[in-house]
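Undergrad: Quick check, what structure comes out for this input:
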Amino acid sequence: MPNAKNIKYVDDLSEKLGRAKGVYLTDYLGLNVEDITDLRREFYANDVEYMVAKNTLFKLAAKNSDLSGLDDYLNGSTAVALSYDDPTSPARVLKKFTNDHDLPKVKGIVIDGNIIDGSEFARIANLPSKDESLAKFVALLQSPLMKLIWALKSPMSDITNMLNNLKDEQSKKE
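TA: Numbering: from 1, shown residues only. You can find the predicted model right below:
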């Protein structure tokens, strides 16, 4: 018979999984307390929740959240990084952290309900953030408009320069 603490844990985790846009299942075994603390601090600074999860309870929570197919990734020691805003934010934090450390290893990723194997982590970690993508998009939209403005402005500048040159020549003759 499950105890009340585990039932509440599964309910809370189910609710978090339902809200999360990015879920990263990691193997943290081998990290010392200081490293885990540093990793948690980095996650917290980037609005990512990081917690150790019991595999059996996580499987129940995933089932409650209509996430199936995670059983292959829920073996051994498992810690979960949850992002509620930017699904690639945990990947960037993990990438930066693994530059200095070999761990944690990403076992699996869930982005907007789609399950991705941990082997795709490097590709996802190199994706630009939402803000960077929007900035690039605006720059792409703005570039043709700026070219059009300069193209329309150029003949007017040429005529103005020509008239100024004629005026200067007239003033020199007088």
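Undergrad: Would you indicate which residues of stretch 52-67 are buried?
TA: Neighbour-count burial for stretch 52-67 flags Ala53, Asn55, Leu57, Phe58, Lys59, Leu60, Ala61, Ala62, Ser65, Leu67 (criterion: 16 or more other CB atoms under 10 Å). (Glycine included, C-beta is placed from N, CA and C.)
Undergrad: no wait, stretch 114-123
TA: Using 16+ other CB under 10 Å as the test for burial, stretch 114-123 gives Ile115, Gly118, Phe121.
Undergrad: now, which of those residues lie within strands?
TA: Assigned to strands by DSSP state E, the following of those qualify: Ile115.
Undergrad: follow-up on the earlier one: between which two of the buried residues of stretch 52-67 is the distance greatest?
TA: Asn55 and Ser65 (15.3 Å; CB to CB).
Undergrad: returning to what we had before: wait, which of the buried residues of stretch 52-67 is closest to Asp11?
TA: Ala61 (8.0 Å).
Undergrad: From what I see, the closest one and Lys8 are in contact.
TA: No. The pair Ala61 / Lys8 is not scored as a contact, 11.3 Å apart, by CB atoms under 8 Å.
Undergrad: Check the spatially closest residue to Asp102 that is not a sequence neighbour and give its pLDDT.
TA: The spatially closest residue to Asp102, leaving aside those adjacent along the chain, is Gly30, at 7.7 Å (CB to CB, 6 or more residues apart in numbering). On pLDDT, Gly30 comes in at 85.
Undergrad: Would you confirm that Val80 belongs to a helix?
TA: No. If the criterion is DSSP: H, G, I helix; E, B strand; the rest coil, then Val80 is strand and not within a helix.
Undergrad: Disregarding residues adjacent in the polypeptide, which is nearest to it?
TA: Spatial nearest neighbour of Val80, chain neighbours left out: Ala53 (4.9 Å); criterion: CB to CB, 6+ apart.
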